[in-house]
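Asker: What follows is a predicted structure for the sequence shown.
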Amino acid sequence: MALHGTARVMMHRRHFLSAAALSGMALATPAILRAAPGQSEDLRLLGEILRTMHPGLQRYLSPARFQAGLARLAEKWAAAPDLEDRFMALTGFLASIRCGHSYPSFYNQKRAAAERLFTRKDRLPFAFRWISDQMVVTENHADGVWLPNGSVIKAIDGVSAQAILARLLPYVRADGGNDGKRRTLLSPTGSDEIETFDVLRGLLYGAPKDGTFKVRFRSPGAARDTSINLPAVDLAARKKFIRALDSRSNKPIWQWDMRPDGIAVLTMPGWAVYNSKWDWQTWLNERLDSLKGAKGLIVDLRDNEGGNDCGDLILARLTAQDIVRPKAARLVRYRQVPVALNPYLDTWDDSFRNWGDQAQPFNDRFLRLTRWEDDGLIRPQGPRVTVPMAVLTSPQNSSATFQFASLVKSTGLGTLIGETTGGNRRGINGGAFFFVRLPESGIEFDLPLIGYFPEVPQPDAGLEPDLRVTNIAQDIAAGYDRVMDRAGKTLRRG
């Protein structure tokens, strides 16, 4: 996965490092501490692994705040030993690092744990989006129950939607203070096999005792609320409504539509094509070739979190000159993984365990990674596409799509229309990963290994679109896509 940071953060010194750390050796071979009597081996390893290898640990957390959070986690770990409680405690603790790639993955847990945590009959039978603090229904999955699209859910089992949102937000992974990304992850729209909202709400609030949710909502155009009972559903029932396409198939996972007004719409719900047998480059080039005489191109990335740098091909076809990526330091915390930690780390590439001379001294906290370095250029490719482009953005754009949106804006090759992106201008972590398995609980969490730190200080925020447009509850009720409509009008005006 290609992940590029676009921001810089102040570096904090670890108090126990001496000037000798500048050689890189102190980072490469830290001391591995044994668990103290009564201390959980899981939490001893968690703290050691994060301090040794997480490149963004102090991007937002001071060492003191990290240690205090670890102490609170230890109290919760001892007080509530059940798998469900420990999974949630770990989820909340990792979310406090404010890194969008550090979390206990729903897809990497052992089968028995996954079945226990994620298959319970505790899900709401409808899809929805958070629009600010409003829970707006986008699709009703309950047969024979009146719940129209665009309805605003006011309360579930007597708990207000706003209170539910406030309770869940601290458990959601995102970079920095970008709560827009957190709201998007808490919006079960059918784009994921396992929805973040379903898991977190179910584990925090539990299943309704009688198998039925008491829901209060305001339907579109109504003057007062309505109350209904909705059946709780399990994961299998929820999966029937998944819109996500299989990125491992040899079939296209993007859609192309040439509209009567001469504008082509390229819908790209995901760029995770690592395991795909589909020749997406040829598919995309053929469609870009067909744009001669078109009025414009709309690239819809609103459901796209990232993956491969598929957008580079689009930029290469639009640009008349080399595009220079923003400079960012690619930093790691270690040269070689301490031998004692290796048994708990899985990955798809064992070279991540020893960067060797590809990790060069940077400062007393980091090594600079030279592996995969290139000239940072996107060069013009093929017949140039000269039609105007609009890119539809949302808080879901937090990795490769964040980088693409940033390049579109800086080069002027298109107009960003929609909402503030996810990700963070201050930089992100990713690029290479370990999958850490805690030995006592068996819980897995994802550990990013490369931190991207821009050379120029940046704010703790996503990327603002050129034209900010947001669909509202009334739009969903009417089946109207305000963002897409604005993009079409912008391109037709030229």
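Answerer: Arrived safely, thanks for sending. Numbering: from 1, shown residues only.
Asker: what about the strands in the stretch 101-250 of the chain?
Answerer: 126-131, 134-140, 152-156, 159-160, 212-218, 226-231 (DSSP state E, counting those that start in this stretch).
Asker: quick one: contacts of stretch 182-195?
Answerer: Taking contacts as Cβ atoms under 8 Å, 6 or more residues apart in numbering, the residues outside stretch 182-195 that touch it are 106-107, 118, 123-124, 127-130, 138-139, 165, 168-169, 172-174, 196-198, 200, 235, 238-239, 241-244, 269, 303, 394-396, 422. Heads up, the C-betas are built off the backbone N, CA and C, glycines and all.
Asker: wait, doesn't residue 41 sit right on residue 340?
Answerer: No. Counting by Cβ atoms under 8 Å, residue 340 is not a contact partner of residue 41; they are 11.9 Å apart.
Asker: thinking again about what came up before, please check the contacts of stretch 182-195 and keep the buried ones.
Answerer: 106, 118, 123-124, 127-130, 138-139, 165, 168-169, 172-174, 196-198, 200, 235, 238, 269, 303, 394-396, 422 (16 or more other Cβ atoms under 10 Å).
Asker: In helices, which of these fall?
Answerer: 118, 165, 168, 196-198, 200, 235, 238 (DSSP state H).
Asker: what would the strands of the stretch 101-250 of the chain look like in CSV with distance to residue 415?
Answerer: Converted to CSV, the strands of the stretch 101-250 of the chain look like this (distance: least, Cβ to Cβ, whole Å):
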stretch, distance to residue 415
strand 126-131, 23
strand 134-140, 26
strand 152-156, 31
strand 159-160, 38
strand 212-218, 35
strand 226-231, 40
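Asker: before we move on, back to that, dump the ones in helices among the buried ones among the contacts of stretch 182-195 to JSON lines, plus distance to residue 377 and pLDDT.
Answerer: JSON lines is the format used below for these (distance: Cβ to Cβ, whole Å; pLDDT from 0 to 100):
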{"residue": "118", "distance to residue 377": "43", "pLDDT": "98"}
{"residue": "165", "distance to residue 377": "43", "pLDDT": "98"}
{"residue": "168", "distance to residue 377": "42", "pLDDT": "98"}
{"residue": "196", "distance to residue 377": "36", "pLDDT": "98"}
{"residue": "197", "distance to residue 377": "40", "pLDDT": "98"}
{"residue": "198", "distance to residue 377": "42", "pLDDT": "98"}
{"residue": "200", "distance to residue 377": "41", "pLDDT": "98"}
{"residue": "235", "distance to residue 377": "45", "pLDDT": "97"}
{"residue": "238", "distance to residue 377": "44", "pLDDT": "93"}
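Asker: hmm, which two among those are most spread apart?
Answerer: 165 and 235 (22.1 Å; Cβ to Cβ).
Asker: can you pull the buried residues of the longest helix anywhere in the chain?
Answerer: Looking across the chain with DSSP H, the single longest helix is helix 63-79. Neighbour-count burial for helix 63-79, counted by 16+ other Cβ under 10 Å, picks out 66, 69-70, 73-74, 76-77.
Asker: Among these, which one sits closest to residue 366?
Answerer: Looking across these and measuring by Cβ to Cβ, the closest to residue 366 is residue 66, at 16.6 Å.
Asker: residues contacting the nearest residue to that closest one once chain neighbours are set aside?
Answerer: Among residues not flanking residue 66 along the chain, residue 57 sits closest, at 6.5 Å (Cβ to Cβ, 6 or more residues apart in numbering). Counting by Cβ under 8 Å, 6+ apart, residue 57 touches 50-51, 66, 97, 333.
Asker: Apply 7 Å and report the result again.
Answerer: By Cβ atoms under 7 Å, 6 or more residues apart in numbering, the residues touching residue 57 are 50-51, 66, 97.
Asker: just residue 324 next, same as before
Answerer: Counted by Cβ under 7 Å, 6+ apart, residue 324 has contacts 376-377.
Asker: host element of residue 315?
Answerer: helix 311-318 (DSSP states H and E).
Asker: Determine the set of other helices and strands touching that helix.
Answerer: Contacts defined by 3 or more Cβ pairs under 7 Å, 6 or more residues apart in numbering; DSSP states H and E place helix 311-318 against helix 280-289, strand 377-378, helix 400-411.
Asker: which SS class is residue 425?
Answerer: Under DSSP: H, G, I helix; E, B strand; the rest coil, the three-state class of residue 425 is coil.
Asker: Numbering from 51 from now on, please.
Answerer: Fine by me, first position is 51 from now on; the one you just mentioned is residue 475.
Asker: Measure how buried the nearest residue to it once chain neighbours are set aside is and give me the count.
Answerer: Distances taken as Cβ to Cβ, 6+ apart put residue 508 closest to residue 475, at 3.9 Å, once the chain neighbours are dropped. Each residue near residue 508 was counted by other Cβ atoms under 10 Å, and the total is 18.
Asker: Residue 508 is in contact with residue 478, isn't it?
Answerer: No. Taking Cβ atoms under 7 Å as the definition, residue 508 is not a contact partner of residue 478, at 11.4 Å.
Asker: give me the low-pLDDT residue ranges for the protein?
Answerer: Scanning the chain for pLDDT under 70 picks out 51-88, 294-297.
Asker: How far off centre is the longest strand seen in it?
Answerer: Secondary structure of the chain per DSSP state E: the longest strand is strand 494-504. With Cα atoms, centre = their mean, to the nearest Å as the basis, strand 494-504 stands 13 Å off its chain's centre.
Asker: Check which helices and strands that strand sits against.
Answerer: helix 91-103, strand 378-382, strand 479-487.
Asker: make it 10 Å
Answerer: Judged by 3 or more Cβ pairs under 10 Å, 6 or more residues apart in numbering; DSSP states H and E, the packing partners of strand 494-504 are helix 91-103, helix 107-110, helix 133-145, strand 378-382, strand 417-419, strand 479-487.
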